[in-house]
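>>> below: sequence and its predicted model.
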Amino acid sequence: MSVYTHETRQQVFQQLDKVKLAFAARDWFPGTSGNLSIKISSSPLLLAVTASGKDKTICTPHDYLVVDENSKPYETTSLKPSAETQIHTAIYRNIPETGAVFHVHTIPNNIISELYGDQGYVTLHNQELIKGLGIWEEGAEIRIPIVENYADISRLAEEVERALYPRVPGVLIRNHGIYAWGGSDFEAKRHLEAFEFLFAYHLQWLQVRHLAGSLAGQQAIQNTHSLTYHATGRQ
Ligand SMILES: CSCCC(=O)C(=O)COP(=O)(O)O
Ligand SMILES: [Zn+2]
């Protein structure tokens with residue numbers, strides 16, 4: 001007898017559809033990238049996960065399957081689980097309260113991961129949306145770990161496992177994307193949205209600060225020229 005009913009399976013697949021379409025509307029699945037999972041059972045660990053290589057901007061009857069703790073199909077199917085399923089199972093195993101894991105490739109998360117990849121983490125602070133990660137302390141500062149993008153998925157999953165910080169529900173993979181999770185699909189989605197906002201903000205802030213620095217430099221040069229003109233009558 002199965003651990004879950006046909007109705008539960010369908011309901012979870014529908015939840016995945018909703019999240020998938022919401023992320024697709026933001027262009028968060030370029031070139032079939034990204035994968036999603038929702039936990040169906042804790043003991044044994046079973047999850048519904050996206051099938052590998054699918055166009056995640058559409059919904060078909062062949063988009064998801066159920067896998068076990070070894071990332072292997074739990075049901076008879078011709079579908080292949082996401083190539084990165086081991087990263088999902090590693091997160092569920094290490095953080096047992098996890099109910100959903102979402103992974104997307106975006107330009108902001110890729111640039112942040114490259115910009116801070118050498119130090120192995122990015123620190124963010126002074127942002128209201130840190131509360132979106134469930135961290136409500138006054139003046140909270142967070143460190144999001146960044147791991148190298150190993151081609152060997154078992155190695156990559158081990159690195160993600162090693163990098164998990166207890167209170168931060170996300171890990172960046174360098175020049176690849178982010179994994180974010182939560183106690184439910186609602187929470188994992190909120191966490192992912194908060195991370196993506198924080199990354200986009202941080203990058204824009206760096207640009208504006210750089211621009212403001214250049215403008216201030218230009219202004220200083222102009223002021224010097226104008227002082228010279230007034231002092232000498234020549235430019
Ligand atoms: C075409 S993107 C390369 C693979 C990847 O990083 C990804 O997120 C999608 O892999 P999947 O097997 O889950 O489709
Ligand atoms: Zn990926």
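Arrived safely, thanks for sending. Ligands and ions are numbered 1, 2, ... in the order given.
>>> can you give me the helices in this protein?
6-24, 85-94, 107-115, 153-163, 185-232 (DSSP state H).
>>> worst mean pLDDT among these?
With a mean of 89, helix 185-232 has the lowest mean pLDDT of those.
>>> quick one: name the residues of this structure near ligand 1.
Residues of the chain found near ligand 1, taking C-beta under 6 Å from any ligand atom as the criterion, are 31-35, 50, 52-53, 82-84, 103. C-beta: built from backbone N, CA, C; applies to glycine.
>>> now with 8 Å, please.
31-35, 50-54, 56, 80-85, 103, 105, 176-177 (C-beta under 8 Å from any ligand atom).
>>> just the buried residues of stretch 85-95, please?
Of all the residues in stretch 85-95, those buried under the rule 16 or more other C-beta atoms under 10 Å are 85-92, 95.
>>> tell me what the residue nearest the centre of the chain is bridged to.
Nearest to the mean C-alpha position of the chain, by C-alpha atoms, centre = their mean, lies Ile178 at 2.9 Å. Taking DSSP bridges as the rule, Ile178 bridges to Val104, Leu172.
>>> what's the distance between it and ligand 1?
11 Å (C-beta to the nearest ligand atom, to the nearest Å).
>>> for that residue, give me the pLDDT.
For Ile178, the pLDDT comes out at 99.
>>> check contacts around it.
Taking C-beta atoms under 8 Å, 6 or more residues apart in numbering, we find Ile178 in contact with 103-104, 106, 109, 113, 170-172, 192, 195-196.
>>> also Ile38?
12, 15-16, 47-48, 99-100, 185.
>>> and the buried ones among the residues of the chain next to ligand 1, selectable in ChimeraX?
In ChimeraX, this line selects whichever of those come out buried by 16+ other C-beta under 10 Å:
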select :33,34,35,50,51,54,56,81,82,84,85,103,105,176,177
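>>> now, which of the residues of the chain next to ligand 1 lie within strands?
Secondary structure from DSSP state E places 35, 50, 103, 177 of the residues of the chain next to ligand 1 in strands.
>>> so Glu141 sits right up against Val122, yeah?
No - the pair Glu141 / Val122 is not scored as a contact, 11.1 Å apart, by C-beta atoms under 8 Å.
>>> ok, and the closest non-adjacent residue to Val67?
Once flanking residues are discounted, Val67 sits nearest to Pro81: 4.9 Å by C-beta to C-beta, 6 or more residues apart in numbering.
>>> and Gly177, how far from Asp27?
Per C-beta to C-beta, to the nearest Å, Gly177 is found 13 Å from Asp27.
>>> ditto for Lys20
Distance, Lys20 to Asp27, by C-beta to C-beta: 13 Å.
>>> cool, Val19 as well?
15 Å.
>>> kind regards, and thank you for your time.
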